[in-house]
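> Here is my input, please return the structure:
(2 chains, ligands or ions: 2)
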Amino acid sequence: MPDTATGARIEVEGLTKLFPGAAAPAVDGIDLEIRPGEFMTLLGPSGSGKTTTLNMIAGFESISAGRIALDGGDIAQLPAYKRNLGMVFQNYALFPHMTAAENVAFPLKQRKVAKTEIARRVSEALELVHLGGHGERLPSQLSGGQQQRVALARAVVFEPRALLLDEPLGALDKKLRESLQLEISRLHRELGITFVFVTHDQDEALALSDRIAVFRDGRIEQAGTPADLYETPSSRFVATFLGDSNVFTGRVRDGLLDTGWCSLRAPGGPEGAVALVVRPEHLRLAVPGGPRAEGNVLSATVTDVVYQGAFRRVLVRFDGGGSGQVREAAGVSRSVSVGERVEVCWSEDAGVLVPDGAEPPANQPVGAR
Amino acid sequence: MVSVSPVDAAPAVPAAARRRPRGRPLLLLALPAVVVLAVFFVVPAARLAWLSVSEPALGFGNYTAMASDGVVVTVVLRTLGMAAVVTVLCVLCAYPYAYLMTMVGPRWRAVLTALVLLPFWTSLMARTFAWVVLLQDTGLVNGLLAAVGLGPTRLLGTTAGVSVAMAQVMLPFMVLPVYTAMRGIDRHLVDAAMGLGATPLAAFLRVYLPLSLRGVAAGATLVMVLSLGFYVTPSLVGSPQQSMLAQLISVQVNQLVNFGAAGALAVTLLVVTLVLVAGVQRLTRTGGAPVGLVGGAGS
Ligand SMILES: Nc1ncnc2c1ncn2[C@@H]1O[C@H](COP(=O)(O)OP(=O)(O)O)[C@@H](O)[C@H]1O
Ligand SMILES: [Mg+2]
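Numbering: from 1, shown residues only, chains lettered A, B, ... in the order given. Ligands and ions are numbered 1, 2, ... in the order given. Next up, the predicted model:
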């Protein structure tokens, strides 16, 4: 692999996909600019339009409206086989009747590369994904992780300037997923090309990406660096989709959030119906009656303590109503026990105020309402 | 009969993945079929084989006579040629048809499947006589040919007429295995091929076709084997001058009452059939990975 290769710039404007017979568009007017060499992740719950977006970029799906440009040139009318983009599918999509090496050689054969050159580049690509020596195996004789490595090698062997990956690790178990995450990260660094990575796994997105676009119902809810999204989410959806959070809803007046059961000091932000989002690691537990910290203090009862190795998750029920969670470093402080009375405190600028949008996804842990 | 289904033909799957407990009770379940086959197939076949070397005198006289009889050699070659033509016709019709079946929605698929199975629900005689009517000099087919300036052509009693009629009768045996193989092909594979730079034609030739070939091989074996021994359609649509092996056997038995010669012909037919089946099996076994296992895990 020459390391002189640079990534492609991918621009998407007003991209829309309406499947025939569908009530709502699967992708609804998306704008996104992916910079050369960037690792861009499309993150969102299942059915939010990530795959459809990727398939339109790859050319497997026609577009209903909008524009896709590769390095400034419109590619909407270009068939998939002329776009020169690498693609990795969730189910690998290896050709079952070809060996690993034949799979990797496939894109080179299509490009009429000379035989000796093919042999050299195939073995290089297999080395790149640590599969040298497995070239003669059929896909069915390889493990899931090895199959996905072959798929990666096949997608980069022809030196595309962008690699599209659709939940490439979705079918693998946790341990394997983590080692392949590192692998993909390394590939991105070594190849220097643009990666567009689809996942519904927030941890994966936070760990790998330069930037993340959060998808919801065919729209991009927010796009930014992992830190941007985590620290300053622009909506309750983004706040609860990325990481755990405590959410207090109510109305803001004169810097105070009235939740109906307590009054909290709020940071600056939108007025009216809002949600205050506080990350569990920004909450602290204190003994009732002890020295009071600046900021918000709520009395609560511990309902559960979950030991998670490096930290503890303490679930509490606030006296006024609702529940929340606190993340405490394990071993630093004394562990509280279930039923104990505590005070939950946080500094007022630790929270983020967002407009109170729709409900967060059901499978995410949610704080007080 | 040799069973060649696309599923059975798949070898080389990780053993642990498909091995099922295979105890004696399961063997017992196969017993009725084994008994029926033994009584109604193996015993008569063995008896025929015995007759061929014992009637009228012990020895291989029937075979040497057969080999030196120009007519018999011609008929064997004609039968083989006809079976090949019928098989090719079936592949040409069944492949696009089966592909269409995989592309349409469930409702149309039901209609297309019913159309394939329709011949199974009507008697072979009825269908063959229908072809006799259609292929007459003044029949529908010749009418159509005349309309485009090609007719009338003699069809009834020619090998062309016989092969068309036989192909229609055999079509379901080709469509169903090909459809089964195609249904097992992951749609993403063709996308993947095009994403990797293959033109639609190249994606078809390098990926879709090889993966569907197993079904074609299964169907071709069935059609070939059935065509070799076909009697009804060739004798009604064809002519005695163009007779096939099964008709020749019938003449030996019914008209000449020469069981020795008939036995020798029957054994020849059996051997030719077995050789063909073995050849196809060998060809497909070297064809690579099983059709059913596409890409391992995943959706
Ligand atoms: N081929 C299709 N025909 C009709 N609807 C589709 C098709 N593919 C996807 N959809 C719909 O489009 C929406 C987005 O799907 P998808 O892009 O696959 O989401 P994601 O990849 O984020 O899970 C879903 O509601 C899905 O049902
Ligand atoms: Mg998807």
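> my guess is B:Leu283 contacts B:Ala217, does it?
Yes: using Cβ atoms under 8 Å, B:Leu283 is in contact with B:Ala217, at 6.8 Å. Where C-beta positions appear, they are placed from N, C-alpha and C, glycine not excepted.
> These two: which has the busier surroundings?
B:Ala217 (22 against 12; other Cβ atoms under 10 Å in any protein chain shown).
> buried sites along whichever helix or strand the more buried one is part of?
Per DSSP states H and E, B:Ala217 falls inside helix B:209-228. Across helix B:209-228, burial judged by 16 or more other Cβ atoms under 10 Å in any protein chain shown covers B:210-228.
> Next: stretch A:185-198.
A:Leu187, A:His188, A:Leu191, A:Gly192, A:Ile193, A:Thr194, A:Phe195, A:Val196, A:Phe197, A:Val198.
> Inside strands: which ones of these?
A:Thr194, A:Phe195, A:Val196, A:Phe197, A:Val198 (DSSP state E).
> Which ones, among those residues, also lie beside chain B?
Among those, no residue is within reach of chain B (Cβ under 8 Å from any Cβ of the partner chain).
> from those, which is closest to ligand 1?
The closest of those to ligand 1 turns out to be A:Val198 (Cβ to the nearest ligand atom; 6.5 Å).
> which ones are touching that closest one?
Shown in contact with A:Val198 (Cβ atoms under 8 Å, 6 or more residues apart in numbering or on different chains): A:Thr41, A:Leu42, A:Lys50, A:Thr51, A:Leu54, A:Leu164, A:Leu165, A:Asp166, A:Glu167.
> Centre-most residue in the chain?
Answering for chain A, as no chain was given. Residue closest to the average C-alpha location in chain A (Cα atoms, centre = their mean): A:Ala205, at 3.0 Å.
> my question was about chain B
B:Val223 (0.8 Å).
> Which pLDDT value goes with that residue?
With respect to pLDDT, B:Val223 has a value of 92.
> That one contacts B:Val88, correct?
No: in this structure, B:Val223 is not within contact of B:Val88 by Cβ under 8 Å, at 9.6 Å.
> Does anything pack onto the lengthiest helix in chain A? Which helices or strands?
Counting by DSSP state H, the longest helix found in chain A is helix A:174-191. Applying 3 or more Cβ pairs under 8 Å, 6 or more residues apart in numbering or on different chains; DSSP states H and E, we find helix A:174-191 packed against helix A:144-156, strand A:194-199, helix A:202-208.
> can you redo those as TSV with mean pLDDT and distance to A:Val122?
TSV is the format used below for the helices and strands packed on helix A:174-191 (pLDDT from 0 to 100; distance: least, Cβ to Cβ, whole Å):
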stretch	mean pLDDT	distance to A:Val122
helix A:144-156	94	8
strand A:194-199	96	22
helix A:202-208	91	27
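> Could you dump these into JSON lines and include distance to A:Val314?
Below are the helices and strands packed on helix A:174-191 laid out as JSON lines (distance: least, Cβ to Cβ, whole Å):
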{"stretch": "helix A:144-156", "distance to A:Val314": "36"}
{"stretch": "strand A:194-199", "distance to A:Val314": "29"}
{"stretch": "helix A:202-208", "distance to A:Val314": "21"}
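> Compare those and give me the one nearest ligand 1.
strand A:194-199 (6.5 Å).
> Please state the offset of that closest one from the chain centre?
Distance, stretch centre to chain centre, for strand A:194-199: 9 Å (Cα atoms, centre = their mean, to the nearest Å).
> do stretch B:208-219 as well
14 Å.
> What of stretch A:152-163?
On Cα atoms, centre = their mean, the centre of stretch A:152-163 falls 22 Å from the chain's centre.
> next one: stretch B:153-160
22 Å.
> Buried ones in it, by neighbour count?
Under 16+ other Cβ under 10 Å, the buried positions of stretch B:153-160 are B:Leu155, B:Leu156, B:Gly157, B:Thr158, B:Thr159.
> same check, this time on stretch B:49-64
Neighbour counts over stretch B:49-64 (16+ other Cβ under 10 Å) mark B:Leu51, B:Ser52, B:Val53, B:Glu55, B:Gly61, B:Asn62, B:Tyr63 as buried.
> tell me the mean pLDDT for that stretch?
84.
> what's in contact with that stretch?
Applying Cβ under 8 Å, 6+ apart, the external contacts of stretch B:49-64 come out as B:Asn258, B:Phe259, B:Gly260, B:Ala261, B:Ala262, B:Gly263, B:Ala264, B:Ala266, B:Val267.
> Output it as CSV - backbone C-alpha positions only.
What follows is stretch B:49-64, C-alpha atoms only, in CSV (Å, rounded to 0.1, in the frame of the first residue of the first chain):
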residue,chain,number,x,y,z
ALA,B,49,-29.2,-58.2,-16.7
TRP,B,50,-29.3,-61.9,-16.2
LEU,B,51,-31.6,-62.4,-19.2
SER,B,52,-29.2,-60.4,-21.4
VAL,B,53,-26.4,-62.9,-20.8
SER,B,54,-28.5,-66.1,-20.7
GLU,B,55,-31.1,-65.8,-23.5
PRO,B,56,-31.1,-67.5,-25.9
ALA,B,57,-27.7,-68.9,-24.9
LEU,B,58,-25.3,-68.2,-22.0
GLY,B,59,-22.6,-65.6,-22.9
PHE,B,60,-22.2,-62.1,-24.3
GLY,B,61,-23.8,-62.9,-27.7
ASN,B,62,-26.5,-60.3,-27.2
TYR,B,63,-24.0,-57.5,-26.6
THR,B,64,-21.7,-58.4,-29.5
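> restrict the buried residues of helix B:209-228 to those near chain A?
B:Pro210, B:Leu211.
> Can you give me the neighbour number for B:Gly70?
By other Cβ under 10 Å, neighbour count at B:Gly70 equals 7.
> again with A:Gly289
Residues near A:Gly289, counting by other Cβ under 10 Å: 8.
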